[in-house]
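>>> Would you be able to build a 3D model of this:
(chains A, B, C and D, ligands or ions: 2)
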Amino acid sequence: MKDKITKATRHTNQNEALIFAKSAKGKRGVEFPPLDVPAINPQAVLGAAHARQEISGFPEVSEIEVIRHFTRLSTWNYAIDLGMYPLGSCTMKYNPRVNEFVARLDGIATEHPFQPQGLSQGCLKILQLLEECLLEITGMDSVTLQPAAGAQGELTGLLLIRGYLQSRGNPRRKVLIPDSAHGTNPATAVIAGYVVENIKSESHGQIDVERLRELVTEDVAALMITNPSTLGVFEQRIAEIAEILHAKGALLYMDGANMNALAGVTRPGDFGVDVMHLNLHKTFSTPHGGGGPGAGPVLMKRFLEPFRPVPVLTQLSDGTLSLDSNRPQSIGRVRAFCGNFGVLVRALAYTLAYGPGIRQATEDAVLNANYIRKKLEDVYDLPYSLPSMHEVVFSDARQKKNGVNTMDIAKRLIDYGFHPYTTAFPLIVPGAMMIEPTESESKEECDLFVDAMRAIAEEAGANPELVRTAPHSTRVGRLDEVGAARNPVLRWKPAASSEAAD
Amino acid sequence: MKDKITKATRHTNQNEALIFAKSAKGKRGVEFPPLDVPAINPQAVLGAAHARQEISGFPEVSEIEVIRHFTRLSTWNYAIDLGMYPLGSCTMKYNPRVNEFVARLDGIATEHPFQPQGLSQGCLKILQLLEECLLEITGMDSVTLQPAAGAQGELTGLLLIRGYLQSRGNPRRKVLIPDSAHGTNPATAVIAGYVVENIKSESHGQIDVERLRELVTEDVAALMITNPSTLGVFEQRIAEIAEILHAKGALLYMDGANMNALAGVTRPGDFGVDVMHLNLHKTFSTPHGGGGPGAGPVLMKRFLEPFRPVPVLTQLSDGTLSLDSNRPQSIGRVRAFCGNFGVLVRALAYTLAYGPGIRQATEDAVLNANYIRKKLEDVYDLPYSLPSMHEVVFSDARQKKNGVNTMDIAKRLIDYGFHPYTTAFPLIVPGAMMIEPTESESKEECDLFVDAMRAIAEEAGANPELVRTAPHSTRVGRLDEVGAARNPVLRWKPAASSEAAD
Amino acid sequence: MRYLPKSPTERQEMLAAIGVKSIGELFQSIPAVHRLKDALRLPGPLSEMEIIEFFQKRASENALGYVNFLGAGVYNHHRSVVTDAILQRGEFLTSYTPYQAEISQGTLQVIFEFQTLMCQLTVQEVANASMYDGSTALTEAALMAERLTGRSRVLVARSVHPEYRQVLATYARNSGLQVEEIAFNASGQIDLPALRTAIDNETAAVIVQSPNFFGVLEQIPALAEVAHAREALLVVGITEGVSLGAVRPPAEADIVAMEGQSFGLPPSYGGPFVGVIASREKFVRQMPGRLAGQATDAQGHRGFVLTLATREQHIRREKATSNICTNQALCALAATIHLCLLGKEGLREQAQQNLSKAHFALSELEKIPGVRRAFSGAFFNEFVIELPRSVKLVNAALLRDKIIGPLALGTFYPELTKRGLVCVTETTTRAEIERLAAMLHRALEQPV
Amino acid sequence: MRYLPKSPTERQEMLAAIGVKSIGELFQSIPAVHRLKDALRLPGPLSEMEIIEFFQKRASENALGYVNFLGAGVYNHHRSVVTDAILQRGEFLTSYTPYQAEISQGTLQVIFEFQTLMCQLTVQEVANASMYDGSTALTEAALMAERLTGRSRVLVARSVHPEYRQVLATYARNSGLQVEEIAFNASGQIDLPALRTAIDNETAAVIVQSPNFFGVLEQIPALAEVAHAREALLVVGITEGVSLGAVRPPAEADIVAMEGQSFGLPPSYGGPFVGVIASREKFVRQMPGRLAGQATDAQGHRGFVLTLATREQHIRREKATSNICTNQALCALAATIHLCLLGKEGLREQAQQNLSKAHFALSELEKIPGVRRAFSGAFFNEFVIELPRSVKLVNAALLRDKIIGPLALGTFYPELTKRGLVCVTETTTRAEIERLAAMLHRALEQPV
Ligand SMILES: Cc1ncc(COP(=O)(O)O)c(C=O)c1O
Ligand SMILES: Cc1ncc(COP(=O)(O)O)c(C=O)c1O
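Ligands and ions are numbered 1, 2, ... in the order given. A predicted model of the protein is given here:
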């Protein structure tokens, strides 16, 4: 079956020990200009109580060794720059290089958050323009760019809701969350001081509106909804859902992680959403960098504006921009300084590159997802059949019969030269295979993915063991995660050096 | 035996067709700002006679496809950043990243060679300081930075000699070149209008001084010598050799490709050399970039100065620097503009980083070569036993007995995670294995190399077939070079697209 | 559009394969009333040239060409071009969270090395990778202490970064955590007697920062004693990581919350940075954030995986130790590269240069009539000076000489008007320090 | 030293392993008299910070902030950041000439693609990768023609770049190649009648450049006829590659010698650039420089190798077609990436913008009393204007407005005083063109 694999080949790849194994006394990778003031001995000025003796185990290596160490490690990674990264819900799209360039400019990367605002107008104009763009794209009234990621955006959003309800006398007790929601939703609700009540999805995977009607009481602060849902399906009765909530004085929070399906086509502000967050490291192409950084701006309707985190960006009568912290009703700060500014710069660069054309990106993303759905629906089980938008969720139901599950198929995809899709999410789909190609994939790459998925489906029948034991092409095989968690080794130690550092 | 291989592992690696296979009408990777002047139709202003119709077959791809195409291709390469690159005579040392940074600065990379010299003082100061540094390192009197690489430096040097001899009435006919010389030496001599006479090396691989004495006549313009020789051995009688030449009015040219063995330790200007070139892309760490660019400055004794290529850098009475082209005796230009300026910038950055400490680099280079020699001399044949400097040349004599030659061993090194050494050069060593580690290799990397070479020597005895058929770990095996040369396919053609472009 | 790898023809082919006539059909599931009729009113599309031009214009409206003496949680330190060269390799820059270990070993080993380096610097047993920044790390440390002790009261030194305390307050307000602030004394350190009286058996943690917001070092061992006597935890925040090259690490702390910006990250107007929580092994299961651990495959090859995920939101949902998901991994990579380059000797030398230059700067400033240091405690590279007149006024004068002067503390501490926080690092030259002193002297001589 | 990966102890261990006591022993083979006693007198060692500071100072002494209208073989064109991002990947930047094909397929496929792109642009059958620059490419083309025809006389148009002709002269002087120059006419093109009279049966090649040094397009088909009538070869030089997006390619040429700087390479004060020779398949064995060709391995996998090496110095030594060894591979990679990004439509649009802006600039300049175009031939993005007074004087005035004006041709052509070469590309804005016109107008109005 190997011959079916056309996208990747095995090639020689450098091994590399831990950096600590390369350390030798006296080597270094950075030198400093000679000290141009009288040298002070730490012991002398700090005293024994405050001076440090030793930095035990700290590495000592040269510049070339550092270059090689990290260059070698990098070759062990898969990346968008190498190929399709169809992780559902993660929107792994192309990260434009010019965004990296502008974020590093002198006068951008070099600016200090406490420098005079009069000397920060460039930074503040960037924030202002990004705010305007995000408001136009979402159809909301007001925004804060401070949250560092989606989860912090969720918290900020719920605190806005809480602050608002509080101001009207009662913060309420509950937040409703569908069983299809991302884990950050319930985790966040708790931090915001709410009790989570889960709602089962109805048979098509949509919000069970009738059930919702029963659940929404004066005790409910908000519903956290993801639209399109984590099944990649638009909530058809979204407006009605909003009405139900509003009728009871509860608010509608939208998790905007799937905004890549909507930008330029429809606006949450137009279908009843009161507050939402965006993941700029998804929809707005800022690099995920192996786990972050991100940015999770929160957008809201006018009535929530007084509660925005401080500082808020304001324009003075003379047109200059300033950061205003004097906001009595503010929920306070969620992060020091002005958020992940460098990420915001990249997101603006992305938005400017498309302009109104962002709709084309959305259309291509939905086109790719539906193309893949069409080409695979005869070999993989489609648990929910409503129209897909930017992603499609299959299940391993058919392959399970041969003892092949979604994780096995995911691992086998690696042999075929692809990063796996998202496995085991959303929870409402047992054995979920959640595929989000994004607009960054060419027809060629989509076709190769389809070929790989079909070939694996065949293998699952003809040679399940081959799939169950995948991947077969990587420098390490499946790692024993259970063992790793049972007795965790979370750092290198000199004692174990000969063992761990090699 | 595979288990002996600890430095590299096979890992999944993306395949990639030719860029032309990805082309589709309407895609593009660059957009321009809207034209801000009246648009002109080429047909109209150039007329049918001068306007272009079609650019047949030219690719049309998007930015992400370009990023992926070249990123994937890059992963098929070995590089210094990945590991030791022990190519003898090539001095593949670490290419400092800061050199890349400064060569790209606004005000450096952006400068036009025809801008007013008054607005180019920064560029000219860079050239001046580099000239001073190279003169101090070589002990010569005068220099030109114009030559684009070593071979062009050789030509420039021979033309200086010719110009000088010419000025004294007779350019002479012959240039003497040892049989151990690099191919560029004879090839260059011919372009300079000289007849090449080869000198056989004596039994230790040194210049046969007695033979030389006979060969040097009034008809000989110069001897081109490489010191240390391509065997990595210092020419012990170099001063005597110079005397013999000078006595007959002939000059001593030194190929400085091996200067990495000498910098800071000894100076060609002090042992009788009249003219020499440096390879800044070797000794001075400028990146080889898969074949270039380089720079081949030529250094000379005072009496050759009038013949330097124009323009020459001069300092005016007011201290400003300028480029002077009014040099009646000049050999003329060897290249447009001011040479490979960007390469010269990098070389200066390298020199400044070391300063006098460049001697330490030389010592480490010689240390590494001798360490490897010591650790391998019991398993590989050492045809010439004089002390090695920065490189050591073994031969495959012992392994030949099992039908394993230097190329087989070289290819097997690839499986062990190393780039091969230089094979089949110098010509005076049949089955040469020319190893130059440079100072950039750690003891750890040298030890791994030694282990690999010893393991291969063992394999050559125990399992010669394994070595003869190497490499076994690469995405492609040994390619049929003979067939490729017999009917050359030197470009992609649409016709053959389905075949060649995939 | 240059980012989209499709030709018009290919789009048609794909629509045909799906079996729809137009792209519009794929959006039918959105109720018609909600579908936009018109194009969005957005600037652009811009070419690469225009994008660069736009941001260069913005850059020119900032503080280009000014020397600044600002620290206060964001420090100007040397960043090697090597760090950025590696950071920009697509394999690191454009990869996702390393859930698929077999093709993410690069990122995973880096995280493991990062965790180790953080432990070595702070002299703690385990460290995570990573939190959003120092302020959220400190806040999560407080919540972690709450979980570990089952107590819901924390005492925070007023000498902790004001914005860090604001973030803590925001998180605490609704999660039932009670926060009380402890004053500072004349040395600029937390007022120990005040702490002793405030602490009780309901106290989950004592939270300090060292060097603190005034640049002054706190007495960690003594504070640990006070906290531990009541079985409360000691949480130590660190905003200036370089200090650990010269300053005694908070070994007695139970939880260390550090901002890693000083390790190779640009100021970037306040982010992205990298927060870290380091603590004791026995507390690891209450730690928030990601952890990489060693593992082996069937052939016994050593590798790394994300581990102890049962702490995290994607597994535990409402019972998770934190809601953090996306973190600051790329910044942690930058810090790892940077620290490997620095190495033991490099970090020591850098710290010594900071120490030397800061003390030189103080001595220069103290020569100015009416200028004196405001606090007496030992400091690293930041110190507070007291001026005979408003810091804002003086700074206005300094700006004319392209100097961004001391941070006015009155904004954060009403009682500290006329006090300014000065930061000096290895990137500040002696000439710049002397210029600051000269200009400040001149500014003070001018009539108000 | 930060570049050296050895500790003092490791050096000792290695010396011991070799069996010597000191490093000095390893240099015994150098006669004692020649060994340096003292350290070299060199500046440095400098830290990375100091190196960057040094070059930033030098940069500030150059033409930063000036608008220039210079071309003449070096052009200011848009360069995408994408090109440089890929160029800086260590796998490309730090690899050697791809002699070991199995671990060099990346570079080899790039070279194959480069060769193809160059053939497509020039409408030739084969192209090499690469020559040092345009000037040496043109020179090697002449030598190639000499070998192909067995004749040793070349006729070169005076409208060819003056420095290119100087390089040709240097190489020719000693290799027995006789060079004669042919005048240009009022249109700025080579004087055809003069060429007809000069050409004979000893003529190996007619060498022109198009667009030529005056920006004027030559009549390639007519020139080919003249040359071929005497069985001489037509060699066409190209310094401005972007012209090929709008200008008819030199299909009738036997050898094309091109400078590729316009394809993504910075001006960099004159180098490194990339020269290319493209020609007919039947001439390939007399071609200088490196060639990559398609090959297959034992399993039938397609790959690429350096081929036809029997032309090269390392095999043929004194009989080689050229002495070139190290070439400009990395610049060829930059050009390949750049051209793939541009693509067919991008190159066409870029060329059309150059054409449009250059013609707009001419029309603006011609409005100035006393300013007229010097030649009548069709041009692409460069043209020569005639001024009522010395170009040097005028330029001196323009410099005060931070404008670097037309290139004074008098330096290269005594008869062309008061003539200046103006270049306008897609990077020149209308505003800059209008400023040039306004300032030039003002300069001419000022009394001398
Ligand atoms: C649907 C959904 N909601 C929320 C999040 C959390 O966002 P972040 O990772 O930026 O905190 C994610 C990200 O994985 C998500 O997919
Ligand atoms: C000994 C020797 N001489 C000359 C050369 C030619 O130098 P370049 O390749 O820079 O033209 C080389 C480079 O390989 C060499 O090794």
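>>> so which helix or strand takes in A:A151?
helix A:150-167 (DSSP states H and E).
>>> Using PDB, write out the CA atom coordinates for the helix or strand following that helix.
Sequence-wise, the next helix or strand downstream of helix A:150-167 (DSSP H and E) is strand A:174-178. The C-alpha coordinates for strand A:174-178 follow below in PDB (Å, rounded to 0.1, in the frame of the first residue of the first chain):
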ATOM      1  CA  LYS A 174     -25.800  30.500  35.500                       C
ATOM      2  CA  VAL A 175     -24.200  30.400  32.100                       C
ATOM      3  CA  LEU A 176     -25.600  28.000  29.500                       C
ATOM      4  CA  ILE A 177     -23.200  26.100  27.300                       C
ATOM      5  CA  PRO A 178     -24.000  23.500  24.600                       C
END
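>>> so strand A:174-178 versus helix A:150-167, what angle?
Inter-element angle recorded for strand A:174-178 and helix A:150-167: 140 degrees (by axes from the mean of the first three to the mean of the last three Cα atoms, to 10 degrees).
>>> strands paired with strand A:174-178, and their directions?
strand A:195-199 (parallel), strand A:220-226 (parallel) (DSSP bridges).
>>> Need the winner for burial among those strands.
strand A:220-226 (a mean of 26; mean count of other Cβ atoms under 10 Å in any protein chain shown). Every residue, glycine included, has its C-beta placed from N, CA and C.
>>> Can you pull out the residues in contact with it?
Strand A:220-226 is contacted from outside by A:154, A:158, A:161-162, A:165, A:171-178, A:180-182, A:185, A:189, A:194, A:197, A:199, A:207, A:212, A:216, A:235, A:238, A:241, A:245, A:248, A:250-255, A:257-258, A:274, using Cβ atoms under 8 Å, 6 or more residues apart in numbering or on different chains.
>>> Could the C-alpha coordinates of the helix or strand just after that strand be exported in CSV?
Sequence order places helix A:238-247 as the next helix or strand after strand A:220-226, per DSSP H and E. Coordinates of each C-alpha in helix A:238-247 appear next as CSV, following Å, rounded to 0.1, in the frame of the first residue of the first chain:
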residue,chain,number,x,y,z
ILE,A,238,-29.7,32.1,16.0
ALA,A,239,-32.0,35.1,15.9
GLU,A,240,-34.7,33.3,17.7
ILE,A,241,-32.2,32.1,20.3
ALA,A,242,-31.2,35.7,20.9
GLU,A,243,-34.8,36.7,21.4
ILE,A,244,-35.4,33.9,23.9
LEU,A,245,-32.4,35.1,25.9
HIS,A,246,-33.2,38.8,25.7
ALA,A,247,-36.8,38.2,26.7
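>>> partner residues bridging residue 277?
Just going to use chain A. A:D255, A:V298.
>>> Actually, chain C is the one I wanted.
C:A257.
>>> mind listing what residue 273 touches?
Picking chain A for this. Contacts of A:V273 by Cβ under 8 Å, 6+ apart are A:140, A:242, A:252-254.
>>> actually it's chain C I care about, not the one you picked
Residues C:74, C:133-134, C:259-261, C:265, C:328, C:331 are the ones in contact with C:F273 under the rule Cβ under 8 Å, 6+ apart.
>>> taking these one by one, which sit in strands?
Mapping these onto strands (DSSP state E) picks out C:E259.
>>> so what does the one helix or strand A:R213 maps to touch, helix or strand wise?
Assigned by DSSP H and E, A:R213 belongs to helix A:209-215. Judged by 3 or more Cβ pairs under 8 Å, 6 or more residues apart in numbering or on different chains; DSSP states H and E, helix A:209-215 is in contact with strand A:195-199, helix A:238-247.
>>> Using CSV, write out every CA atom in it.
What follows is helix A:209-215, C-alpha atoms only, in CSV (Å, rounded to 0.1, in the frame of the first residue of the first chain):
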residue,chain,number,x,y,z
VAL,A,209,-34.3,25.7,21.0
GLU,A,210,-37.3,24.2,22.8
ARG,A,211,-35.0,23.0,25.6
LEU,A,212,-33.3,26.3,25.7
ARG,A,213,-36.7,28.1,26.1
GLU,A,214,-37.2,26.0,29.3
LEU,A,215,-33.7,26.6,30.6
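>>> for it, which positions count as buried?
A:209, A:212, A:215 (16 or more other Cβ atoms under 10 Å in any protein chain shown).
>>> Mean pLDDT for the strands paired with strand A:174-178 - can I get that in a markdown table?
Formatted as a markdown table, the strands paired with strand A:174-178 follow (pLDDT from 0 to 100):
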| stretch | mean pLDDT |
| --- | --- |
| strand A:195-199 | 97 |
| strand A:220-226 | 98 |
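>>> Would you tell me which of the ones you listed gets closest to ligand 2?
Using Cβ to the nearest ligand atom as the measure, strand A:220-226 is the one of the strands paired with strand A:174-178 that comes nearest ligand 2, at 60.4 Å.
>>> okay, the buried residues of helix A:209-215 in TSV with distance to ligand 1 next?
TSV is the format used below for these (distance: Cβ to the nearest ligand atom, whole Å):
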residue	distance to ligand 1
A:V209	21
A:L212	19
A:L215	21
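>>> tell me the average confidence for the helix holding A:A151?
The average pLDDT within helix A:150-167 is 98.
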